[in-house]
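> Sequence and predicted structure, then a few things I'm wondering about:
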Amino acid sequence: TIDGSLVLGGAPFAGLIYNNTDGYIHDVTITNGGTFGLFGIATSAYGHTHRTILADDVTISGNSWSNIAAIGDNLSFHLWNSTLDGTGAVEAVDFSNGVSGTLINNTITTGSHTGISFHGAHDVTVIGGTINGNGSASGIEDDGLAFGVAAANNVNILGVTMNNVGNGVVANGGNDWNILGGSFSGNGTGVLFSNLTGSNNILGLTLDGFDTGIYANGVSQLAILGNTLTNVDTGIYASNVADLDIIGNSITGASTHGIHLVDDDGALVAGNAINHFIHGIFVESSDNVSILANFISNITGDAIRLDGSNNASILANIITSAYNGIHLLNGSNGALIAANIVDVDHDGVIVHGSDDTQISLNVINAGRTGVNANYSNGLTVSENVINAVRNGIRAAHGNDILIDSNLVIAGRHGVRLNATDDTLVANNLIIAG
C-alpha cells in the first residue's frame, strides 16, 4: 500500500512497478518517469495467483509511453477519481494481454495515439469521467490485433465524456462491446466497430461533429438505439452486419447520408428522426430490410433510396421537405410501400427497373409526380391519396400493372401510361387538368 501525497520522479523505467503482487495506491502524484520515463505505473501478473491493483486519487504526467501500463492474464486493475495527462506519451492507459478491470470517474488527456488502449483486455468497464483529446488521437481504442495479441472482449463504456478526439471508440476483432450513454465530440468517427462477434450495443450516446457518427463493418450483431447525432457528414454507416437494429435515433447533418446500409440483409430501421442530408436512408445490396415509422426531413436527394435491394418493407414513414420521397432502382424487387405520408418537391415514389412493387395506402403530395414508374413490371398502385402538380400516377415501359382504387388530384394527368402492356386501371377517382 502506498498512501499519501507521494511525489515520484527520475526513475528510468517507471515511477511504480508492481510485479505479481497486489497493491493499493492512494493520493499519489507521479511526474516524469525519468531519463526514459516510459511509465508512471507499470503492473503485471502472468501465470501466478490472481493479483489486484487498486488506485484512486492518482495524478500522473510526463511519461513517454503510457501513464499506466497493466499487463497479464492474471491481473485486475481498478482506477478511480484520478487525473492522467498523456501529453507527450503514446497513450494514457494501456490494458493488455488479458487484463481486466474498471476505470471510474477519471480525467484523461490522450497521448499521441489514444487515451485508453485495450490490447487483448477483457471484462473491462469504463464509467463516467472525461477524455480530452488533441484533435487526432482516439479516446478509447482496441488495437490488440495490430500488436499480435487477442482483441478486447466484454467491454462496457458507460456515461463517458470525450472532447476534441479524432475517433471516439474504435474496436476491431473482439466481441461484446457496449456503449451506454455519454457524449463524444470530434472530427473522425464517433464509434467504429469492425469484425466484432457476440452482442454489441450503442445506446443513448450523443455524438457531435464527426465525419461519420457510427461506422460498423463485419459485425455479427449490433443494436444502435436512442442515440443523438449532430453535425455529422454521415450519420450511421453499416456494411455486412448480420443482425442490425437501428431504432429511435436522432440524426442531423449537413451532407451525404443519414443512414447508409450496404450488404445488411434483414436490417431494421425504425423510429429514427433524420434531418438535413442528401439521402435520408440509403440501402444498397441489402435484402429483406424493414424501414418503419421514421421521420425524414430537409433532404436534397431521396428521403429513402433503395439500390439493388429486394423485398423491402417501407411502412408508416413521414417524409417532408425532401426533393424525392421513396426511390427504388436497379432491381430492388418485391418492395412493399404502404401507409407512408410523403410531402416532397419532386416525385413522391419512383420505381425504376424494379419489379413486383406494391404501393398502397399512402398519402402523397408531390411537386411533380406522385408515383413515377419506369421499366418495372408487376406494379400495383392501390388505395393511395395522391395530390401532384403534374402527374398523379405515371407508368412507362412496364407490363402487368394494376392501378386501382386511388384518389388522384393532378395538375395535368391523373394517370399517364406509355408503352405498357397488360395494364388495368380501375375504380380510381381522378380530378385532373
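In hand now; what should we look at? Numbering: from 1, shown residues only.

> how much space between the closest residue in space to Asp345 that isn't next to it in sequence and Val425?
Once flanking residues are discounted, Asp345 sits nearest to Gly367: 4.3 Å by Cβ to Cβ, 6 or more residues apart in numbering. Quick note: C-beta positions are derived from backbone N, CA and C, even for glycine. For Gly367, the distance to Val425 equals 24 Å [Cβ to Cβ, to the nearest Å].

> Have a look at these two and say which one is more surrounded.
It is Val425, of Gly367 and Val425, that has more neighbours when counted by other Cβ atoms under 10 Å, with 18 against 15.

> element containing the more buried one?
In the assignment (DSSP states H and E), Val425 maps to strand 421-426.

> Can you pull out the low-pLDDT segments for the stretch 251-400 of the chain?
Along the stretch 251-400 of the chain, no part satisfies pLDDT under 70.

> Show me which residues of stretch 255-272 are buried.
256-265, 267-272 (16 or more other Cβ atoms under 10 Å).

> before we move on, the earlier item: contacting residues for the residue nearest to Asp345?
344-346, 388-389 (Cβ atoms under 8 Å, 6 or more residues apart in numbering).

> Just put those residues in TSV and tack on secondary structure and neighbour count.
Formatted as TSV, the contacts of Gly367 follow (DSSP: H, G, I helix; E, B strand; the rest coil; neighbours: other Cβ atoms under 10 Å):
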residue	secondary structure	neighbour count
Val344	strand	24
Asp345	coil	15
His346	coil	18
Ala388	strand	27
Val389	coil	16
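
> partner residues bridging the spatially most central residue of the chain?
The residue lying closest to the centre of the chain (Cα atoms, centre = their mean) is Ile214, at 2.5 Å. Note on Ile214: beta-bridge partners by DSSP bridges are Val191, Ile236.

> doesn't Asn200 make contact with it?
No: contact criterion Cβ atoms under 8 Å: Ile214 and Asn200 do not qualify, at 11.1 Å.

> what residues do the two have in common as contacts?
Taking Cβ under 8 Å, 6+ apart as the criterion, Ile214 and Asn200 both touch Phe193.

> If we ignore the residues flanking it in sequence, what's nearest Asp356?
Excluding its sequence neighbours, the residue lying closest to Asp356 (Cβ to Cβ, 6+ apart) is Gly378, at 4.0 Å.

> residues in contact with that neighbour?
355-357, 399-401.

> And for Val342?
Residues near Val342 by Cβ under 8 Å, 6+ apart: 303, 317, 319, 325-326, 348-349, 362-366.

> State the distance from it to Ile350.
Going from Val342 to Ile350 by Cβ to Cβ gives 11 Å.

> Now do the shared contacts for the two.
Taking Cβ under 8 Å, 6+ apart as the criterion, Val342 and Ile350 both touch 325-326.

> Just give the number of residues close to the closest residue to Gly353 other than its chain neighbours.
Spatially, and ignoring its direct neighbours in sequence, Gly353 is nearest to Tyr375 (4.9 Å; Cβ to Cβ, 6+ apart). The tally of other residues near Tyr375 (other Cβ under 10 Å) stands at 14.

> Is Tyr375 in contact with Ile401, as I believe?
No: Tyr375 lies out of contact with Ile401 (Cβ under 8 Å); the separation is 11.9 Å.
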